[in-house]
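*Asks:* no sequence on this one, just coordinates:
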């Protein structure tokens with residue numbers, strides 16, 4: 001096989017239809033767009049419009065409720081806390097609160113609070129003060145000999 005013998009499979013490529021190239025082409029004059037109107041102009045896309053048929057997003061059933069301003073928590077796994085304690089970035093002797101987690105670099109920012117989750121293993125006894133924690137995370141920390149204190153979020157405390 002030589003370079004000049006390379007060919008694509010038959011039917012793999014198709015020539016582009018060139019519209020607006022005279023009446024003999026079959027797609028001349030208006031180029032298959034019909035006469036006048038918004039859709040005959042360039043740069044027009046009428047999103048979700050289905051030619052008068054009820055659009056798909058309106059045909060589908062609506063369920064549930066979307067909270068307009070949900071709380072966004074920074075998430076921390078207990079396995080990561082153990083890793084940071086081992087690396088010396090967190091001090092297990094002192095209470096570990098949200099500010100300590102931010103200072104160590106484990107959490108980028110507090111958002112509406114820090115929530116503790118149970119992914120990973122914890123072998124060091126630590127005293128944690130966070131906005132929220134899963135049951136599994138609390139059990140894992142207490143099993144390791146530590147404690148979890150659930151604090152009220154700063155935004156909620158100011159509102160009360």
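*Replies:* Good, I have the coordinates. Keep in mind that what you see is a predicted model, and the values were worked out from it rather than measured.
*Asks:* need the helix or strand of the protein with the lowest average pLDDT.
*Replies:* Across the helices and strands of the chain, mean pLDDT, DSSP states H and E gives its lowest value to helix 154-159, namely a mean of 52.
*Asks:* Residue 142 contacts residue 148, correct?
*Replies:* Yes - taking contact to mean Cβ atoms under 8 Å, the distance of 7.4 Å between residue 142 and residue 148 places them in contact. No exception for glycine: its C-beta is placed from N, CA and C like everyone else's.
*Asks:* When the two are compared, which one has more neighbours?
*Replies:* Shown here are residue 142 and residue 148; by other Cβ atoms under 10 Å, residue 148 has more neighbours (19 against 13).
*Asks:* Would you mind listing the residues in contact with that one?
*Replies:* Residue 148 makes contacts with 116, 128, 129, 130, 133, 137, 138, 141, 142, as judged by Cβ atoms under 8 Å, 6 or more residues apart in numbering.
*Asks:* Give me the three-state assignment for the last one.
*Replies:* Yep, that's residue 142 we're talking about. helix (DSSP: H, G, I helix; E, B strand; the rest coil).
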